[in-house]
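1. Predicted model and sequence below, questions to follow.
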Amino acid sequence: MKIVIIGLGKVGQEIARALSGENHSIVAIDKEQYLVDNLVHELDIIGYAGNGVVAEDQINAGVKNADIVLAVTKSDETNVVSCLIAKVLGAKRTVARVRDPEYSTQSEFMRKMLGIDLVVNPDKEAADEIARFLRYPSAEYVDTIGNGKADLIGVRVDEDSLLAGTSLNKLFSMIKFKVLACVVERAGEVIIPWGETVFQPGDIVYFTGNYRSLDALLRKISPSTIINSTLIVGGSRITHYLSQSLIESGHKVKIIEKNREKCERLSEMFPKATVICSNGSDKKLLSEEGIDGVDSFITLTGDDEQNILLSLYAVSKKVEKVVTKINDFTFAELFNDMELGSFVSPKRVASEKLVRYTRALETPHGSEIMELYKIADDKAELIMFGTREGSEILGKPLKELRVRRGTLIAGIIRGREFIVPDGNSTIEVGDEVLVVSAEDRYAHLDDVLR
C-alpha cells in the first residue's frame, strides 16, 4: 500500500517505524526538515518537507495515489483540513488525530459529512485503556475485540500462581469458566498452547473470553480486590474521559489537581466526584486523602518523572492497582525492571490503533478480515474474520477441520454471544471468528485450513 503520514511527532514516527518493514511505500510529510531527514536516514521511506494543509505540498508528495493518509500533527485543525484536501485529491482513505473534546463529539459528523474515515482521540483511547486495566487489575495486557463483544487479556505466571506447573488440560478441569488460552509468550518466543502445554513461571498467557468469564478466571488464579474506588492525580483531558466512564460504572472517584480553573471545571462536570485543589505530589496530602485505603491510583499529570515517583509511592502503600501515564516512550523500558503496575501512553495508544487500522486495510481485495491485532510483541496475530456463503469451513464441527500448524480458532462471536469453541462447535454464516496465528498471515478464513 501507499501510505502518507502527515506530521512526524512521536505518533507519526512510531507509525512509520511499525509499518516501514511491511512492504509498504511510505511518504512522510512534516514542516520541519530535520525531522524528515532524521526519519529518512533511519528508515527506508520517502520524506518531504511540507505543510499538510497546502494542496501543492500534498500533490508533490503523491497523495492522489495514496491508499491511506494519516494526519497526526499536533494541531486538530491541521489534521482535519489535511484529510479534506487529501480526499479531494484522490486519497482512498483518510484518518485524523483529534484531541479536543469538543471536536471529538463531532467524530460521527466528520466521518459522514466530511469523508474522514477514522477519527482517533489519543486521550479518549488512553482513558479507555485505563478503564480496561481497572476491570482486570491483575492482567498485564488488556484489549477489547469487536467493539466490546470479547476481551483479550495477558496474565503473567508467578511462582505462587495457580497456573505455575499446571497443564492446560488440568486448568480447564479445575475451572468452569468459558475462556480459551490462545498464546503463551515464553522467553521471547510464542507458543500456541494445546492440552499438554504446561505453564511455567515467567510465562505470559493470553486468554480470550467475555468479561464475566475472564474476571472469574482471574479471581481463581490470582485473587485480587474489586476496584471500586480510584484516586487520580492530575486533571488532564484523560481525567475528563476516565472520570466520566468510572462514575457511570459506579466507581468512587477522587481527583487531585493544583490548577484551580481545572478543578472548578471538573467539579462542575462531575458533581459525584471529589475534586481537591492541591498539589498531588504532597505525601501528607495523599495520606490524608486515603491513599492507604484506595483500590486504584492513577497518575495523569503532564510530568513523566512526577508520575513515576507518585506511582512508586502508591506501590509502596500496597495499592491494589497502579496505572502511570507517560509521554516519553523511552520511559516504557523502566517498567520491565520495576514492579510499577501498568502504564499508558496516549501517543503509543494512538499509534497502535492507527497501525492496526492500516494493517487491516492492507489485506487483499475481498479479504474477510474485520480486525487485526498484533500480540506478544508482534510475534503473533489475532485476526477477526467475517464469514461468507460458500466457505469450506461453514457447518462442520471443528474437530473435523484440518487447521494449519501454529494456528488456533480462538473464539466465535454470534450476535452478542462469545462462544469458546470446542471440537463440536461449528461456524455459521454471519459469525465473526477469532483466529490466532504464530506463523502465517491469512486474508481469508478458509486459508487456515491445510
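-> On my side now, so go ahead. Please read all numbers here as calculations on a predicted model, not as lab measurements.

2. Next, find the distance separating Leu354 from Asn121.
-> Counting by Cβ to Cβ, to the nearest Å, the gap from Leu354 to Asn121 is 12 Å. (C-beta placed from N, C-alpha, C; glycine too.)

3. hang on, I meant Asp143
-> 17 Å.

4. Neighbour count: these two, which is higher?
-> Remark: of Asp143 and Asn121, Asn121 carries more neighbours, 26 against 19, as counted by other Cβ atoms under 10 Å.

5. Can you tell me the number of residues neighbouring the closest residue in space to Asp292 that isn't next to it in sequence?
-> Among residues not flanking Asp292 along the chain, Lys317 sits closest, at 5.6 Å (Cβ to Cβ, 6 or more residues apart in numbering). Neighbour count of Lys317, defined by other Cβ under 10 Å: 16.

6. So Lys317 is in contact with Ile291, correct?
-> Yes - using Cβ atoms under 8 Å, Lys317 is in contact with Ile291, at 5.4 Å.

7. one step back: joint contacts of Leu354 and Asn121?
-> Arg97 (Cβ atoms under 8 Å, 6 or more residues apart in numbering).

8. what's the nearest residue to Thr94 if we skip its chain neighbours?
-> Spatial nearest neighbour of Thr94, excluding adjacent residues (Cβ to Cβ, 6+ apart): Cys83 at 3.8 Å.

9. Settle this for me: that neighbour is touching Leu118, isn't it.
-> No - assessed by Cβ under 8 Å, Cys83 is found out of contact with Leu118, at 9.6 Å.

10. Domain map for this protein?
-> What automatic domain parsing lists as the domains of the chain is 2-120, 137-221, 229-322, 351-448.

11. quick one: terminal-to-terminal distance for the third one?
-> By that I understand domain 229-322. Using Cα to Cα, to the nearest Å, one end of domain 229-322 lies 12 Å from the other.

12. now the second one
-> Domain 137-221 has an end-to-end distance of 13 Å (Cα to Cα).

13. and it, how far from the chain's centre?
-> Distance of domain 137-221 from the chain centroid (Cα atoms, centre = their mean, to the nearest Å) equals 18 Å.

14. One more: stretch 274-291?
-> Using Cα atoms, centre = their mean, the offset of stretch 274-291 from its chain centre is 30 Å.

15. Just the CA trace of it, in PDB.
-> What follows is stretch 274-291, C-alpha atoms only, in PDB (Å, rounded to 0.1, in the frame of the first residue of the first chain):
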ATOM      1  CA  THR A 274     -14.500  14.600  44.900                       C
ATOM      2  CA  VAL A 275     -12.200  17.200  43.500                       C
ATOM      3  CA  ILE A 276      -9.300  18.600  45.700                       C
ATOM      4  CA  CYS A 277      -7.400  21.600  44.500                       C
ATOM      5  CA  SER A 278      -3.900  21.000  45.800                       C
ATOM      6  CA  ASN A 279      -0.500  19.500  45.000                       C
ATOM      7  CA  GLY A 280      -0.900  15.800  44.400                       C
ATOM      8  CA  SER A 281       2.900  15.200  45.000                       C
ATOM      9  CA  ASP A 282       2.500  16.000  48.700                       C
ATOM     10  CA  LYS A 283       2.700  12.700  50.500                       C
ATOM     11  CA  LYS A 284       1.000  14.100  53.600                       C
ATOM     12  CA  LEU A 285      -2.000  15.200  51.400                       C
ATOM     13  CA  LEU A 286      -2.100  11.800  49.700                       C
ATOM     14  CA  SER A 287      -2.200  10.100  53.100                       C
ATOM     15  CA  GLU A 288      -5.000  12.500  54.300                       C
ATOM     16  CA  GLU A 289      -7.000  11.700  51.200                       C
ATOM     17  CA  GLY A 290      -6.800   8.000  51.800                       C
ATOM     18  CA  ILE A 291      -4.100   6.500  49.500                       C
END
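
16. Past the helix or strand bottoming out on mean pLDDT in the chain, which element shows up next along the chain?
-> Lowest mean confidence among the helices and strands of the chain (mean pLDDT, DSSP states H and E): helix 101-104, at a mean of 70. As assigned by DSSP states H and E, the chain's next helix or strand after helix 101-104 is helix 107-114.

17. outside of that next one, which residues touch it?
-> 80, 83-84, 96, 98, 103, 116-119, 121.

18. for the one helix or strand the residue nearest to Thr94 maps to, which positions count as buried?
-> Assigned by DSSP H and E, Cys83 belongs to helix 76-89. By 16 or more other Cβ atoms under 10 Å, the buried positions in helix 76-89 come out as 76, 78-87, 89.

19. same for whatever helix or strand comes next after it, what does it pack against?
-> Downstream of helix 76-89, the next assigned helix or strand under DSSP H and E is strand 94-97. The contact analysis (3 or more Cβ pairs under 8 Å, 6 or more residues apart in numbering; DSSP states H and E) places strand 94-97 against strand 68-71, helix 76-89, strand 118-120, helix 346-361.
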